[in-house]
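K.L.:
the following block contains a protein sequence and its predicted model.
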Amino acid sequence: MESEMKLDKWGYQVRTCSDSCISAINSYYHQVVSYGRKRSVIMEAPKSDPECVLGNILAAHFLCSTGSSRVPLLIDTAKSFLESASSYEKAVFECIMYLISPDRDDDLAVNLHSKLLREFPRDLVSLKRAQVLCFYMGRADLSLKLVEQVLPMNNHEDYIYGMLAFPLLELGRMEEAEKAGKTGYEINKDDTWSQHAICHVYQHECRFKEAVEFMNNCSTSWSSLSSFMYTHNWWHVALCYLEGHAPMEKVREIYDECIWKELERSDAIPPEVYLNAIGLLLRVYIRGGHDIFGDRLKKLADCLTDQTVWFLEWHLDILILWALSHTGELNKAEDLLKGLKSRVSMMTKKKQQIMQKGLSVCLSFNLF
């Protein structure tokens, strides 16, 4: 029935009888584009309306990285009500189902998102989902093309300019990236992806003092960010100290108080913290500053022997491999490397060829 259709934040139809379901979906949208730490709010959508296709498939996608046993049920439920869903819900369902399929072709996954965004250009969460995929593909050109595709329909919206700035950064178009980042920052001072883009530009231009001052001023808005984004912003501040030849103690202070301390929060996601912690320590060790950091790498490596944090994403796995190898956890490092090789062997031939570069980096880190 038409009365069962409600409009979401983007103005697109969602079939649900529940205001609470729509509210949860809209809250989830905000959490995704703002890098918030309450993305789990999407689990309230299928709870409020078990028959909502969009609520079920977004919840399934949210849980996918955790290996939750609830994912198949959420997908099956979404499938069972798909026929009566809106055209927007069907498009999102198609994109997510292909994205989470074990043998997906990344190029096709991007094409499906591009098709969705042509019809539903205000959906910034689908844009973000596609841009994350482009990042892991190393295809900043595709990421830029997607955001430019929808920009005319969103040119006064929160968060869109941070999404524009990042692929411009990756493509080395720093002047345009700074302009986009500052436009996003003027629209919303708490837009952390725009803040992040501006910091990147300052770092690239060796304006380290300016970058630190800017990020410190922004940091009052970071407490609600996800573990990844919160620690990643501080990682940038630490790098500015490191690259700007500040005392190594300043870098250590950021590591202790703003990265490692995140683990004390009850809703912290440890792998997201580990990613930035290892990334910083690797650079410290390359710069010869390990004496000032004492046993911090060993303490971190002890956490990384827990195999539940392995195989979540390649970037993290490569960094874990270095940390384990460097602290003498050679058997664990070898187990991780074998697991990565096994996963590559099960990929399609096309993806195996692409991932050979990743395996080469892993082998180098293991030897390093």
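P.N.:
Everything's here; your move. None of these values were measured; they are calculated from a predicted model.
K.L.:
can you tell me how far Tyr285 is from Leu74?
P.N.:
Taking Cβ to Cβ, to the nearest Å as the measure, Tyr285 falls 42 Å from Leu74. Every C-beta, even on glycine, is put in place using the N, C-alpha and C of the backbone.
K.L.:
compare those two (neighbour count), which wins?
P.N.:
Neighbour totals were compared for Tyr285 and Leu74, and Leu74 leads with 23 against 15 (other Cβ atoms under 10 Å).
K.L.:
next, the more buried one: secondary structure please.
P.N.:
helix (DSSP: H, G, I helix; E, B strand; the rest coil).
K.L.:
ok, now how distant is the closest residue to it other than its chain neighbours from Tyr88?
P.N.:
Nearest residue to Leu74, sequence neighbours excluded (Cβ to Cβ, 6 or more residues apart in numbering): Ala60, at 3.9 Å. Relative to Tyr88, Ala60 is positioned 17 Å away (criterion: Cβ to Cβ).
K.L.:
which stretches in the stretch 51-200 of the chain count as helices?
P.N.:
53-64, 71-80, 87-99, 106-119, 124-137, 140-150, 160-170, 174-187, 192-204 (DSSP state H, counting those that start in this stretch).
K.L.:
let me redo that: the stretch 251-368 of the chain
P.N.:
Under DSSP H, counting those that start in this stretch, the stretch 251-368 of the chain gives helices at 270-286, 296-304, 314-326, 330-345, 349-367.
K.L.:
okay, the longest one in PDB with CA atoms only?
P.N.:
When you say that, I think you mean helix 349-367. Only the C-alpha atoms of helix 349-367 are listed here, as PDB (Å, rounded to 0.1, in the frame of the first residue of the first chain):
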ATOM      1  CA  LYS A 349      42.500 -15.300 -11.400                       C
ATOM      2  CA  LYS A 350      41.900 -11.600 -12.100                       C
ATOM      3  CA  LYS A 351      42.100 -10.700  -8.400                       C
ATOM      4  CA  GLN A 352      45.000 -13.100  -7.800                       C
ATOM      5  CA  GLN A 353      47.100 -11.100 -10.300                       C
ATOM      6  CA  ILE A 354      46.200  -7.800  -8.500                       C
ATOM      7  CA  MET A 355      46.900  -9.200  -5.000                       C
ATOM      8  CA  GLN A 356      50.400 -10.400  -6.000                       C
ATOM      9  CA  LYS A 357      51.700  -6.900  -5.200                       C
ATOM     10  CA  GLY A 358      50.100  -7.200  -1.700                       C
ATOM     11  CA  LEU A 359      51.800 -10.500  -1.100                       C
ATOM     12  CA  SER A 360      55.100  -9.100  -2.200                       C
ATOM     13  CA  VAL A 361      54.800  -6.400   0.400                       C
ATOM     14  CA  CYS A 362      53.900  -9.000   3.000                       C
ATOM     15  CA  LEU A 363      57.000 -11.100   2.200                       C
ATOM     16  CA  SER A 364      59.200  -8.000   2.400                       C
ATOM     17  CA  PHE A 365      57.800  -7.000   5.800                       C
ATOM     18  CA  ASN A 366      58.300 -10.500   7.000                       C
ATOM     19  CA  LEU A 367      61.900 -10.400   6.000                       C
END
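K.L.:
the inter-axis angle of that helix versus helix 106-119?
P.N.:
110 degrees (axes from the mean of the first three to the mean of the last three Cα atoms, to 10 degrees).
K.L.:
quick one, helix 349-367 and helix 314-326 angle?
P.N.:
Interaxial angle, helix 349-367 versus helix 314-326 (the same axes, to 10 degrees): 30 degrees.
K.L.:
same question for the shortest one.
P.N.:
Regarding helix 296-304 and helix 314-326, their directions subtend 120 degrees when assessed with the same axes, to 10 degrees.
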